[in-house]
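let me see the structure of the following:
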Amino acid sequence: MSENKTELKRSLGLIDATSLVAGSMIGSGIFIVTSAMARDIGSAAWLLVIWLVTGLITVAAALSYGELAGMMPNAGGQFVYIQRAYGRLVSFLYGWTVFTVIQTGVIAAIAVTFANYAAIFFPVLDQTLFTVGTGFVFSYQKVLAIFSIILLTYINTKGVESGKTVQLIFTSAKLIALFALIILGLYVGLQTDVLSNNFANMWEASKTVVNPDGTITVTKLAGMAILGAAGATIINSLFSSDAWNNVTFIAGEIKEPKKNIPRSLFLGTLIVTVIYVLANLAYLALLPMQGNPNAADSLSNGIMFASNDRVGAAAASMIMGNVGVFVMAGLIMVSTFGCNSGLILSGGRLFFAMAKDGLFFKQATELNKNQVPAKALWVQCIWACVLCISGKFGDLLTYATFASLLFYILTILGVFILRKKEPNTERPYKAFGYPVVPAIYIVVTSAICLTLLIYDTFNTGLGLCIVALGIPVYYFVMNKKE
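Numbers count the residues shown, from 1 in each chain. Model (predicted):
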């Protein structure tokens, strides 16, 4: 078999594709971000509404993407859709942002989270190897994070079957564990009055801030202030629900992609939406919404002030005591490891598609003897490891999440554009509820972006700068080709 083939092999079925959607979405966010959201909105009802809205717009986006996936069942997914609707420059800007921060930044962040929780079992990982100045610390945790990225990249270069097996095993394990947390959490929590207390004044919203001197400032929210706070904090749940589109990157390896990609998008996002809402309901059944940041136990800390925002670990401790912290740490390690496997598997395919179009390193077009774009995977691996070492990926993720939302809006707007430009193109699946459902997604997500621009101008501005930086890079690449 030639080691330089350029056509991917279709070997993934509906279950594999759905596993990739769900597995890429479920990382560490669901176990952490609810604490920050609770401080931002202070209301049990509004908290659940935000998670429901996140789920609904994610499913709506997935249903709309299904039409584009059916029309263009090729490797590269969203990159290909954007190029068909808007041309090469906009598609390059998308690929540029994905490579520089979105995909590689998420891989780095999740790898570090994996290592952080591994330190609960192996405290030696907390030891520092060396420091540079006052801001840079290199510890054994970063070594483990980098090693996990390299290991998963190596596994994925051995063939899509290897990556598929890892993804299926870890997605199944984390789904089972999450359902166990939900069922046990509701069973234990409903025997107390915690849930009823949380819903006693469920629509009373407030923003809670811990001041530098340790005092707490609580600001009541009403009217437009509630919508503003909800619009700003929804970025947390949207980040936790992101990466569902990664399955479109590997369209070239999915059997019957015109049917299986739309189905997997819908099934995967629906499954995760249900899990996320139920998980937050379990948190509210086990832990009070408000709490004391200086308390010594999880019940007194509440959801708002769970230790290091680890609300999942706090909930588990209410079910199983101190052993719950270790159980949850193990669950998050499984979750993050499986999540990164899916992200690494799919990200390499996007860069493979870019390279075939002359917009990435030429060598990334090559497939190894296992018919995998190994060089694209290793380039992705190297940059993700650099972000791990730099320690700046957290900032980059904040900047890039806003840009990622903009590209989702552009892609779904592309459904309307292509309906007009290419009315006779075969569409095995048509966007559910068109034009209403795609239009609702565009309007709601645009409103969220506008709110973020108002409430977090600095970070959203930097997100736009990262995208804009790709413009001179694009023209530099084009000039070199001429």
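
low pLDDT regions in this protein?
1-8, 75, 133-135, 391-398, 481-482 (pLDDT under 70).

which helix is the longest one in it?
Assignment by DSSP state H gives helix 323-356 as the longest helix of the chain.

give the next helix or strand downstream of it.
helix 374-390 (DSSP states H and E).

what comes up buried for that next one?
374-381, 383-385, 387-388 (16 or more other Cβ atoms under 10 Å). No exception for glycine: its C-beta is placed from N, CA and C like everyone else's.

and what of stretch 106-120?
Neighbour-count burial for stretch 106-120 [16+ other Cβ under 10 Å]: 106-120.

cool, and stretch 463-472?
463, 466-467, 470.

go through the buried residues of helix 374-390 and say which is closest to residue 14.
residue 377 (24.2 Å; Cβ to Cβ).

what's the closest non-adjacent residue to the closest one?
Spatial nearest neighbour of residue 377, excluding adjacent residues (Cβ to Cβ, 6 or more residues apart in numbering): residue 348 at 3.9 Å.

how many residues are close by the one you found?
For residue 348, the neighbour count with other Cβ atoms under 10 Å is 29.

mind listing what it touches?
Listed by Cβ atoms under 8 Å, 6 or more residues apart in numbering, the contact partners of residue 348 are 156, 372-373, 376-377, 380.

at 10 Å what do you get?
75, 103, 153, 156-157, 163, 249-250, 364, 372-381 (Cβ atoms under 10 Å, 6 or more residues apart in numbering).

likewise residue 125?
Counting by Cβ under 10 Å, 6+ apart, residue 125 has contacts 115-119, 139-145.

spatially nearest residue to it (excluding sequence neighbours)?
Leaving aside its sequence neighbours, residue 125 sits nearest to residue 119 (Cβ to Cβ, 6+ apart; 4.0 Å).

just say helix, strand or coil for the closest residue to residue 343 other than its chain neighbours.
Using Cβ to Cβ, 6+ apart and skipping the chain neighbours, the partner closest in space to residue 343 is residue 107 (5.3 Å). The assignment at residue 107 comes out as helix when based on DSSP: H, G, I helix; E, B strand; the rest coil.

and the residue nearest the centre of the chain?
residue 242 (3.3 Å; Cα atoms, centre = their mean).

how close does residue 364 sit to residue 358?
11 Å (Cβ to Cβ, to the nearest Å).

residue 316: neighbour count?
26.

which residue packs closest to it, ignoring adjacent ones?
residue 324 (3.4 Å).

residues contacting that neighbour?
Counting by Cβ under 10 Å, 6+ apart, residue 324 has contacts 181, 184, 298, 312-318.

make CSV out of those residues and add secondary structure.
Compiled in CSV, the contacts of residue 324 are given as follows (three-state DSSP):
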residue, secondary structure
181, helix
184, helix
298, helix
312, helix
313, helix
314, helix
315, helix
316, helix
317, helix
318, helix
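
how close does residue 227 get to residue 317?
34 Å.

and the two? Which one has more around it.
More crowded of residue 227 and residue 317, by other Cβ under 10 Å: residue 317, with 24 against 14.

test my guess that that one contacts residue 328.
Yes. Contact between residue 317 and residue 328 holds when scored by Cβ atoms under 10 Å: they sit 7.9 Å apart.

any common contacting residues for those two?
Shared contacts of residue 317 and residue 328, defined by Cβ under 10 Å, 6+ apart, comprise residue 310.

can you redo the contacts of residue 125 as TSV with distance to residue 333 and secondary structure?
Output for the contacts of residue 125, formatted as TSV (distance: Cβ to Cβ, whole Å; DSSP: H, G, I helix; E, B strand; the rest coil):
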residue	distance to residue 333	secondary structure
115	9	helix
116	9	helix
117	5	helix
118	6	helix
119	10	helix
139	17	strand
140	15	helix
141	13	helix
142	16	helix
143	16	helix
144	11	helix
145	12	helix
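
can you pick out the most distant pair from these?
117 and 143, at 15.2 Å, using Cβ to Cβ across the contacts of residue 125.

ok so, going back, any idea how far the longest helix of the chain is from the middle of the chain?
For helix 323-356, the separation from the chain centroid amounts to 10 Å (computed by Cα atoms, centre = their mean, to the nearest Å).

for it, buried residues please.
324-356.

now stretch 261-274
Of all the residues in stretch 261-274, those buried under the rule 16+ other Cβ under 10 Å are 261-273.

again with stretch 144-152
Buried residues in stretch 144-152 (16+ other Cβ under 10 Å): 144-146, 148-150, 152.

and of the residues you listed, the nearest to residue 93?
Using Cβ to Cβ, those come closest to residue 93 at residue 149, 25.3 Å.

hmm, residue 109 and that closest one touching each other?
No. Using Cβ under 10 Å, residue 149 is not in contact with residue 109; the gap is 11.2 Å.

which neighbours do the two share?
What both residue 149 and residue 109 touch, as defined by Cβ under 10 Å, 6+ apart, is the set 340, 384, 387-388.

distance to residue 414 added to the residues you listed, as a markdown table?
Compiled in a markdown table, these are given as follows (distance: Cβ to Cβ, whole Å):
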| residue | distance to residue 414 |
| --- | --- |
| 340 | 29 |
| 384 | 28 |
| 387 | 29 |
| 388 | 33 |
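
which of the residues you listed lies closest to residue 448?
Distances from residue 448 to the shared contacts of residue 149 and residue 109, taken by Cβ to Cβ, are shortest for residue 387, at 25.8 Å.

pretty sure that closest one is touching residue 101, no?
Yes. Taking Cβ under 10 Å as the definition, residue 387 is a contact partner of residue 101 at 8.0 Å.

ok, residue 56 touching residue 433?
No. Counting by Cβ under 10 Å, residue 56 does not reach residue 433; the two are 11.8 Å apart.

joint contacts of those two?
With Cβ under 10 Å, 6+ apart, residue 56 and residue 433 have common neighbours 440-441.

what does stretch 422-431 rub up against?
60, 63-73, 84-85, 256-259, 261-263, 265-266, 412, 415-416, 418-419, 437-438, 441.

what about the closest residue to residue 190 other than its chain neighbours, which helix or strand?
Once flanking residues are discounted, residue 190 sits nearest to residue 285: 5.8 Å by Cβ to Cβ, 6+ apart. Assessed by DSSP H and E, residue 285 sits inside helix 257-286.

tell me which residues are up against the following helix or strand past that helix.
Downstream of helix 257-286, the next assigned helix or strand under DSSP H and E is helix 298-301. With contact meaning Cβ under 10 Å, 6+ apart, helix 298-301 is reached by 35, 192, 194, 286-288, 290-295, 305-307, 310-311, 313-318, 322, 324-325.

hmm, which of these are the buried ones?
35, 194, 286-288, 290-291, 293, 305-307, 310-311, 313-318, 324-325.

ok so, going back, among the contacts of stretch 422-431, name the ones in strands.
Applying DSSP state E to those, no entry is found in strands.
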